[in-house]
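> predicted model, plus sequence, below.
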2 protein chains.
Amino acid sequence: MTQPDLAVSTVIFALRGTSSENMVLSLPLVRRIRSPFEGTWALPGGPLGDEEDLAQAAGRNLRDTTGLEPRYLEQLYAFGQPDRSPDNRVVSIVYWALVGGDEFAATFDDENVQWFDADDLPALAFDHALIVEYALWRLRNKLEYSRLAHGFLEPTFTLAQLRKVYEAVLKRRLDPGNFRRTVEASGQVVPTGERLAGTNHRPPQLYRFNTAQGLIDPDPLTIRTALTHPGVAS
Amino acid sequence: MTQPDLAVSTVIFALRGTSSENMVLSLPLVRRIRSPFEGTWALPGGPLGDEEDLAQAAGRNLRDTTGLEPRYLEQLYAFGQPDRSPDNRVVSIVYWALVGGDEFAATFDDENVQWFDADDLPALAFDHALIVEYALWRLRNKLEYSRLAHGFLEPTFTLAQLRKVYEAVLKRRLDPGNFRRTVEASGQVVPTGERLAGTNHRPPQLYRFNTAQGLIDPDPLTIRTALTHPGVAS
DNA sequence: GGAGTAAAAGTCAGGATGACATGAAGTCCG
DNA sequence: CGGACTTCATGTCATCCTGACTTTTACTCC
């Protein structure tokens, strides 16, 4: 039995758009510069360094290849089908990350790194299409019961902005009143006391995320908080 | 950068006990027969074969070292801290599995394979204590919204037996009436039409799992079904 | 044949959710 | 200056879900 190669890749998500309207979930891809799949778009990734843990390797490879700085990083899955690479055997440990919508400028000015709409991707190398599909599912699924929308937003935001993040990711319209009620009741969010000026209407309250409340369902290496789930009965 | 060793290990769960009362969640461990941690209890595992995918490697290593046959197998997490093994660098891709309560006899008659209560584990090699803790969290969390209790049960069972599985895993008492209501409404389970004889009371209806309904939140390599979650609002 | 046991079904109050309505606080323009 | 317009913010209401509890049914045991 020969040791397979080990790679660490990341599916990076950001919300592209005019920060209030028609936001689109999108992700950066890198063009492969060597065989196999030379010239094809692929997920950013690379090898595992000697002194790094897996999350550090994911973050470093992400930064090195795209110039982006992740606000949220979580392990997705390890892919190891024997035939997923035509040449050597490669096991990929894949992470997924969120970056802010202002990060597009930070992307390398390089024709080999480009952003694509999550719903309109080009042909991808290896099994990366499957990986992206799974990451998308995980993002949407997790957004519903965890507070990770902060990965897309500035430290301070309005509830309408937060709602639009949810709407863009889930591709579904949410009732503003009900959204306000549930989000405020959840304690995920605290009003700063300030209001957003410069609108052509009633100025909305600004909020920030409640740092006292931990992230739900994190990596096993971080501290976990209790999770209240729908439950089975009684 | 040197390639790390790659291992595939599995946390195996079974319910031990008199099949109706005082069931205890327990798991088999193997005693290490080589350095490092020689003589210490550890998770069953081994290398990745050339032609295997990761799940196959987990199942094979599990069978080879314990003799058990998993009824449910799912990837848990990839662990790769640089210092998790004192000697060489090892990245472990860890799965978790469920086996039936009747599988204790199938365990190798070997002092190097033993069952332990999940709440009363010995000192474990490497970071395996952390891994087991995380697997336990995942099992309990997932049992609440997914239909994987079948991994512990015979093909046919009563609702009381199913409820006792939930109670043993979640370590919490469930109301029989409410449990029946939610489980029947969920469509996870279908009555066979037969009843269980030999009790000293009213004979309970036998059920089997609804095969038409897919497993929720499976591996990315299998087909996924829609998931209805608590949701954020509207 | 009555006591005992668990199965199965039913009841009820409280909380969460979705759909919708109303008032509040600004800007814009004639 | 004042009405139209916009979105924020709050409120209402019917419905469904959940947890706690009660009642009836069907069997065995003594």
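Nice, I can see it. Numbers count the residues shown, from 1 in each chain, chains lettered A, B, ... in the order given.
> quick one: the helices in chain A?
Taking DSSP state H, the helices of chain A run over residues A:54-66, A:128-145, A:159-170, A:176-186.
> is chain B within reach of the longest one?
Yes. Using C-beta under 8 Å from any C-beta of the partner chain as the criterion, contacts between helix A:128-145 and chain B involve A:130-131, A:133-134, A:137, A:141, A:143-145. C-beta here means a position set from N, CA and C on the backbone, and glycine is covered the same way.
> and the nearest residue to A:Leu170 once chain neighbours are set aside, how far from DNA strand D?
Residue nearest to A:Leu170 in three dimensions, not counting chain neighbours: A:Arg140, with 5.9 Å by C-beta to C-beta, 6 or more residues apart in numbering or on different chains. As judged by C-beta to the nearest atom of the strand, to the nearest Å, A:Arg140 and DNA strand D stand 21 Å apart.
> between the helices of chain A, which one is closest to B:Val169.
When those are compared for distance to B:Val169 using C-beta to C-beta, the nearest one is helix A:128-145, at 20.5 Å.
> now check that closest one, is it near DNA strand C?
No. Applying C-beta under 7 Å from any atom of the strand, one finds helix A:128-145 out of contact with DNA strand C, separated by at least 9.9 Å.
> return the residues of chain A in contact with DNA strand C.
Within chain A, the residues that sit near DNA strand C (C-beta under 7 Å from any atom of the strand) are A:175, A:177-178, A:181-182, A:185, A:199-203.
> ok, now with 10 Å
With C-beta under 10 Å from any atom of the strand as the criterion, chain A comes near DNA strand C at residues A:145, A:173-183, A:185-186, A:195, A:197-203, A:230.
> for chain A, longest strand please?
Looking across chain A with DSSP state E, the single longest strand is strand A:5-18.
> report all helices and strands that that strand contacts.
Packing partners of strand A:5-18 (3 or more C-beta pairs under 8 Å, 6 or more residues apart in numbering or on different chains; DSSP states H and E): strand A:21-31, strand A:45-47, helix A:54-66, strand A:90-98, strand A:113-117, helix A:128-145, helix A:159-170.
> distance between the second one and the chain's centre?
For strand A:45-47, the separation from the chain centroid amounts to 18 Å (computed by C-alpha atoms, centre = their mean, to the nearest Å).
> report the beta-bridge partners for the most centrally placed residue in chain A.
Closest to where the C-alpha atoms of chain A average out (C-alpha atoms, centre = their mean) is A:Leu98, at 3.1 Å. When bridges are called by DSSP bridges, A:Leu98 pairs up with A:Phe13, A:Tyr72.
> so what's it up against?
A:12-14, A:70-72, A:148, A:151-152 (C-beta atoms under 8 Å, 6 or more residues apart in numbering or on different chains).
> which of the helices and strands packed on strand A:5-18 sits most buried?
Highest mean neighbour count of the helices and strands packed on strand A:5-18: strand A:90-98, a mean of 24 (counted as mean count of other C-beta atoms under 10 Å in any protein chain shown).
> can I get it in PDB, CA atoms only?
What follows is the C-alpha trace of strand A:90-98 in PDB, where atoms were taken according to Å, rounded to 0.1, in the frame of the first residue of the first chain:
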ATOM      1  CA  VAL A  90      -5.000  12.100  -3.800                       C
ATOM      2  CA  VAL A  91      -7.000  12.400  -0.600                       C
ATOM      3  CA  SER A  92      -8.400  15.900  -0.200                       C
ATOM      4  CA  ILE A  93      -9.400  17.300   3.100                       C
ATOM      5  CA  VAL A  94     -11.800  20.100   2.100                       C
ATOM      6  CA  TYR A  95     -12.800  23.100   4.200                       C
ATOM      7  CA  TRP A  96     -15.400  25.800   3.500                       C
ATOM      8  CA  ALA A  97     -15.000  29.500   4.300                       C
ATOM      9  CA  LEU A  98     -16.900  32.700   4.300                       C
END
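> can you say which of the contacts of A:Leu98 are buried?
A:12-14, A:70-71, A:148, A:151-152 (16 or more other C-beta atoms under 10 Å in any protein chain shown).
> gap between the closest residue in space to A:Pro220 that isn't next to it in sequence and DNA strand D?
Leaving aside its chain neighbours, A:Pro220 sits nearest to B:Tyr134 (3.6 Å; criterion: C-beta to C-beta, 6+ apart). With the distance defined as C-beta to the nearest atom of the strand, B:Tyr134 ends up 25 Å from DNA strand D.
> residue contacts, B:Tyr134?
With C-beta under 8 Å, 6+ apart, B:Tyr134 has these contacts: A:220, B:76-77.
> 10 Å instead?
When the contact criterion is C-beta atoms under 10 Å, 6 or more residues apart in numbering or on different chains, the partners of B:Tyr134 are A:219-221, A:224, B:11, B:76-77, B:79, B:94, B:96, B:127.
> can you check A:Pro203 too?
Contacts of A:Pro203 (C-beta under 10 Å, 6+ apart): A:158, A:194-197.
> do A:Asp64 as well
For A:Asp64, the contact set (C-beta under 10 Å, 6+ apart) comprises A:44-46, A:108.
> try it again with 8 Å
Residues in contact with A:Asp64 (C-beta under 8 Å, 6+ apart) are A:Gly46.
> likewise A:Gln81?
Shown here is A:Gln81, whose contacts under the criterion C-beta under 8 Å, 6+ apart are A:127, B:53, B:221.
> please report the distance of it from DNA strand D.
37 Å.
> where in chain A is pLDDT low?
Judged by pLDDT under 70, chain A has its weakly predicted residues at A:1, A:18-21, A:105-106, A:109, A:214-218, A:222-234.
> would you confirm that the residue nearest to A:Leu170 contacts A:Arg172?
No. The criterion here is C-beta atoms under 8 Å, and A:Arg140 misses it with A:Arg172 at 9.6 Å.
> I'd say A:Ala58 and A:Val8 touch.
Yes. The pair A:Ala58 and A:Val8 qualifies as a contact (C-beta under 8 Å) at a distance of 5.0 Å.
> once you drop chain neighbours, what's closest to A:Ser35?
For A:Ser35, the nearest residue in space outside its immediate sequence neighbours is A:Asp87; the separation is 7.5 Å by C-beta to C-beta, 6+ apart.
> A:Val90 too?
Counting by C-beta to C-beta, 6+ apart, the nearest residue to A:Val90 once its immediate chain neighbours are dropped is A:Asp5, at 4.7 Å.
> how about the one you found, what does it touch?
Taking C-beta under 8 Å, 6+ apart as the definition of contact, the neighbours of A:Asp5 are A:47, A:88-91, B:3.
> in a markdown table: those residues, plus distance to DNA strand D.
What follows is these, written out as a markdown table (distance: C-beta to the nearest atom of the strand, whole Å):
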| residue | distance to DNA strand D |
| --- | --- |
| A:Pro47 | 46 |
| A:Asn88 | 49 |
| A:Arg89 | 45 |
| A:Val90 | 43 |
| A:Val91 | 39 |
| B:Gln3 | 48 |
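> circling back: buried members of the contacts of B:Tyr134 into ChimeraX, please.
Buried subset of the contacts of B:Tyr134, written as a ChimeraX selection, criterion 16+ other C-beta under 10 Å:
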select /A:220,224 /B:11,76,77,79,94,96,127
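> distance to A:Phe37 for the contacts of B:Tyr134 - can I get that in a markdown table?
What follows is the contacts of B:Tyr134, written out as a markdown table (distance: C-beta to C-beta, whole Å):
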| residue | distance to A:Phe37 |
| --- | --- |
| A:Asp219 | 30 |
| A:Pro220 | 33 |
| A:Leu221 | 32 |
| A:Arg224 | 38 |
| B:Val11 | 35 |
| B:Leu76 | 30 |
| B:Tyr77 | 28 |
| B:Phe79 | 29 |
| B:Val94 | 29 |
| B:Trp96 | 33 |
| B:Asp127 | 35 |
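> thanks a lot, catch you later.
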